[in-house]
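[1] Sequence plus the predicted model coming up.
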Amino acid sequence: GEQVEQLPSILRVQEGSSASINCSYEDSASNYFPWYKQEPGENPKLIIDIRSNMERKQIQELIVLLDKKAKRFSLHITDTQPGDSAMYFCAASAGSNAKLTFGKGTKLSVKS
Amino acid sequence: NSKVIQTPRYLVKGQGQKAKMRCIPEKGHPVVFWYQQNKNNEFKFLINFQNQEVLQQIDMTEKRFSAECPSNSPCSLEIQSSEAGDSALYLCASSPGHNTGQLYFGEGSKLTVL
């Protein structure tokens, strides 16, 4: 089955700087790549996603890049704020109603 | 606030006891997923449904869990005989289907097996 690797596991940045999280996948059939933010004691929330027909997507300070040839995708948070501190998970799936395979998560800490 | 409603938020069971969790998917979402998130925050897919039918499940679910999504009733996931290793957060997610792939999670049921 699909495997998703996510790095780094821990990321500490200064407020106002950028944060980048990288993921790779194995199954070339994967075509949907969401990112989830999970704060302590809360449910994972979908923050941005990208499909295989795109290479880049931006929603406000969130940018997702997808390199299908290399089977890599990444999340970039520009101008980080303390409220961005949380666990971030990447995931991949292939096709309609298919399960998501998650990475192991990145704990982002933004210091003011 | 999540539109996927999970109950109970917390449950504590002894080893060998049954543990049942329920989920009401977001209105209009025909696809429901159950995941287990362990203390290391790792996600394990358990089972998914489209309407009342099972789409996919892992061996553990088939052997040790009972799950259903009846029409006009909450979906449920029940561990038949709880083990210490089952202690985790059980997350239900629903999807609008139509090949969107998007999953929206409930707040989870945190199971502790003593």
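    It's in. Numbers count the residues shown, from 1 in each chain, chains lettered A, B, ... in the order given.
[2] residue contacts, the closest residue to B:C75 other than its chain neighbours?
    Nearest residue to B:C75 in three dimensions, chain neighbours excluded: B:C69, at 4.0 Å (C-beta to C-beta, 6 or more residues apart in numbering or on different chains). Just so you know, the C-beta spots here come from the backbone N, C-alpha and C atoms, and that holds for glycine as well. For B:C69, the contact set (C-beta atoms under 8 Å, 6 or more residues apart in numbering or on different chains) comprises B:V32, B:F49, B:N51, B:Q52, B:C75, B:S76.
[3] Mind checking which of these are buried?
    Among those, those classed as buried by neighbour count (16 or more other C-beta atoms under 10 Å in any protein chain shown) are B:V32, B:F49, B:C75, B:S76.
[4] Looking at the residues you listed, which is nearest A:I48?
    Proximity of the buried ones among the contacts of B:C69 to A:I48 (C-beta to C-beta) peaks at B:V32, which lies at 23.0 Å.
[5] The helix or strand of chain B with the lowest mean pLDDT vs chain A: in contact?
    Lowest on mean pLDDT, DSSP states H and E among the helices and strands of chain B sits helix B:59-64, with a mean of 90. No: using C-beta under 8 Å from any C-beta of the partner chain, helix B:59-64 stays clear of chain A, with a minimum separation of 11.8 Å.
[6] Any chance you could list what contacts that helix?
    Outside helix B:59-64, the residues that touch it by C-beta under 8 Å, 6+ apart are B:W34, B:L46, B:I47, B:A67, B:I79, B:Q80, B:S81.
[7] Swap in 10 Å and give it another go.
    The contact list for helix B:59-64 (C-beta atoms under 10 Å, 6 or more residues apart in numbering or on different chains) reads B:34, B:36, B:44-47, B:54, B:57, B:67, B:77-83, B:86.
[8] Taking the residues you listed, please make a ChimeraX selection of just the buried ones.
    Typed into ChimeraX, the line below selects the buried ones among the contacts of helix B:59-64, using 16+ other C-beta under 10 Å:
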select /B:34,36,45,46,47,57,67,77,79,82,86
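[9] which of the contacts of helix B:59-64 come close to chain A?
    Among the contacts of helix B:59-64, the residues that sit close to chain A (C-beta under 10 Å from any C-beta of the partner chain) are B:K44, B:F45, B:L46, B:I47, B:Q57.
[10] Among these, pick out the one closest to B:K27, please.
    Looking across the ones next to chain A among the contacts of helix B:59-64 and measuring by C-beta to C-beta, the closest to B:K27 is B:I47, at 21.2 Å.
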